[in-house]
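S.K.: got a sequence here, can you model it:
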Amino acid sequence: MSFSWIAFTLLAALSQSWRNAFQSKLSGSLSVAGTTLARFLFGSPIALLYLIALYQWQSAPIPEVTTSSVFYIVAAAVMQIVATGLMVMLFKLENYAIGAGLAKCEAPVSAIFGTLFFGTVLSLSGWVGVLLGGIGVLILSSPNGWRSLSLKIVALGLSCSSAFALTSLWIREASLSLNLPFPHSAAWVLFLVIFLQTLMILTYIMLKEPNTIQVMKTKPKLIVMTSLTSVIGSLGWFSAMALQAVPYVKTLGQVEVIFMILISYFWLNQRMRWHEIIALCFISVAAIFVMWQ
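M.R.: Residues are numbered from 1 along each chain as shown. Got it, this is the predicted structure:
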């Protein structure tokens, strides 16, 4: 079972790195809401097909819907949208890279929240891996140092990482609360969360940005690839977090940074800088610690 969560996490990290590449192209011509909708637009049908395929492969009961499970699913769906909005606010600030780095410190924040409020227990090697991964992300996001650090950047960055951490912790709790075997539990949470997010964002766009739909119709291939890589990434994250504690999953998931740099190096012909190499070393060692904890 230990190998399963590692495989799902690596699948999620690789898919998310490509999703970010596709989404960055969309952001040049779509609004924030439209770019966000592209992540989920075809996600619900794909997640539903995956869920149906699981029941064809192996029978399982229908999930037991409780007040707790409804709360976890709705809270995770809303909080992920909030986290995305906070990240967009960071991108609009000068020297946002440091704030974005703080926003990506989801692993140590989830470790703290998980220990305090969710009963998460980490080993010593697990804590070391989580901290090393956080340091690696911060090094990667601050090539020019911390001289221009401001209270606003810190507040937004930590708020964003906290929102992402809560999203992940609630997703895990939702999977555990459905009283279903794996992978059916993760598949139900995947479908319900993406469906709710799609419904909320689509409703907003229809009311506030009706022209965005017309613009999206001009980029069908890019939107399909964004949705496809996004739902594959979510499938990996949700499955891994149903099997393993969130801090371990998110620490190993930081190998996404390695994939993104490799994509930039081989696909975009961008050179690697010294601080990126140092950060990759920290993240690689952190991944080893959490895999062998």
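S.K.: which secondary element of this structure has the worst mean pLDDT?
M.R.: Between all helices and strands in the chain, the lowest mean by mean pLDDT, DSSP states H and E belongs to helix 96-103, at a mean of 58.
S.K.: buried stuff in the helix or strand that comes right after that one?
M.R.: Remark: after helix 96-103, the chain's next helix or strand is helix 106-117, criterion DSSP states H and E. For helix 106-117, the buried set under the neighbour-count rule, 16 or more other C-beta atoms under 10 Å, comprises 106-111, 113-114. The way it works is simple: take the backbone N, C-alpha and C, and place the C-beta from them, glycine included.
S.K.: JSON lines for these, including distance to Ser24 and pLDDT?
M.R.: What follows is these, written out as JSON lines (distance: C-beta to C-beta, whole Å; pLDDT from 0 to 100):
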{"residue": "Glu106", "distance to Ser24": "20", "pLDDT": "85"}
{"residue": "Ala107", "distance to Ser24": "23", "pLDDT": "88"}
{"residue": "Pro108", "distance to Ser24": "26", "pLDDT": "91"}
{"residue": "Val109", "distance to Ser24": "25", "pLDDT": "91"}
{"residue": "Ser110", "distance to Ser24": "25", "pLDDT": "93"}
{"residue": "Ala111", "distance to Ser24": "29", "pLDDT": "93"}
{"residue": "Phe113", "distance to Ser24": "29", "pLDDT": "94"}
{"residue": "Gly114", "distance to Ser24": "31", "pLDDT": "94"}
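S.K.: in TSV, list these along with distance to Trp237.
M.R.: Listed next are the buried residues of helix 106-117 as TSV, based on distance: C-beta to C-beta, whole Å:
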residue	distance to Trp237
Glu106	11
Ala107	13
Pro108	17
Val109	16
Ser110	12
Ala111	16
Phe113	17
Gly114	15
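S.K.: just the closest of these to Ala286, please.
M.R.: Ala107 (8.3 Å; C-beta to C-beta).
S.K.: what's the next secondary structure element after the longest helix along the chain?
M.R.: What stands out as the longest helix in the chain, according to DSSP state H, is helix 151-177. Moving toward the C-terminus from helix 151-177, the next helix or strand (DSSP H and E) is helix 184-208.
S.K.: contacts for the helix or strand just after that next one next, please.
M.R.: Using DSSP H and E, the helix or strand that follows helix 184-208 in sequence is helix 211-216. Applying C-beta atoms under 8 Å, 6 or more residues apart in numbering, the contact partners of helix 211-216 are 29-31, 33-34, 37-38, 41, 205-206, 223.
S.K.: rerun that using 10 Å as the cut-off
M.R.: Contact partners of helix 211-216, identified using C-beta atoms under 10 Å, 6 or more residues apart in numbering, comprise 26, 29-35, 37-38, 41, 202, 204-206, 209, 222-223.
S.K.: buried residues in it?
M.R.: 212, 216.
S.K.: and it, what's its mean pLDDT?
M.R.: Across helix 211-216, pLDDT averages out at 90.
S.K.: heads up, I number from 26, so please use that
M.R.: In the new count, where the first residue is 26, that last one comes out as helix 236-241.
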